[in-house]
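>>> I would like the atomic coordinates for the input below:
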Amino acid sequence: MNDWIVVDPKICSGKPTIRGTRIMVKNILGMVAGGYTRDRIIQAYPELTTDMVQAALEYAAQVIDEEQVIAHG
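Below is the predicted model:
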């Protein structure tokens, strides 16, 4: 699916992370939601590349697309 994203029960309790790091996809998404640019995310996590950040965003988009959305009202 995505060469940069791994899910390993031994790493971060099985949360999706960037391969070779303990940086969780949710951390990157939280930064994007907080207004961080890709460059600023990479400044915060110098071990990341632009491709890794993009992979996290694509992974999240794919997961959301596969999930059943329940409206709250």
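
>>> all contacts plus neighbour counts: C-alpha atoms, from now on.
Fine.

>>> how about the helix ranked longest in the chain: buried residues?
Criterion DSSP state H: the longest helix present in the chain is helix 50-66. Using 16 or more other CA atoms under 10 Å as the test for burial, helix 50-66 gives 52-53, 55-57, 59-60.

>>> Pick out whichever of those sits closest to I11.
A56 (16.3 Å; CA to CA).

>>> quick one: the closest one from A44, how far?
For A56, the distance to A44 equals 15 Å [CA to CA, to the nearest Å].

>>> Would you mark the buried spots in stretch 10-19?
15-19.

>>> any chance of those in CSV, plus secondary structure and distance to G34?
Formatted as CSV, the buried residues of stretch 10-19 follow (DSSP: H, G, I helix; E, B strand; the rest coil; distance: CA to CA, whole Å):
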residue, secondary structure, distance to G34
K15, coil, 20
P16, coil, 20
T17, strand, 19
I18, strand, 20
R19, coil, 23
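
>>> E47 - that's part of a helix, no?
No - checked against DSSP: H, G, I helix; E, B strand; the rest coil, E47 lies outside a helix; its state is coil.

>>> Count the neighbours of it for me.
Neighbourhood size, E47 [other CA atoms under 10 Å]: 11.
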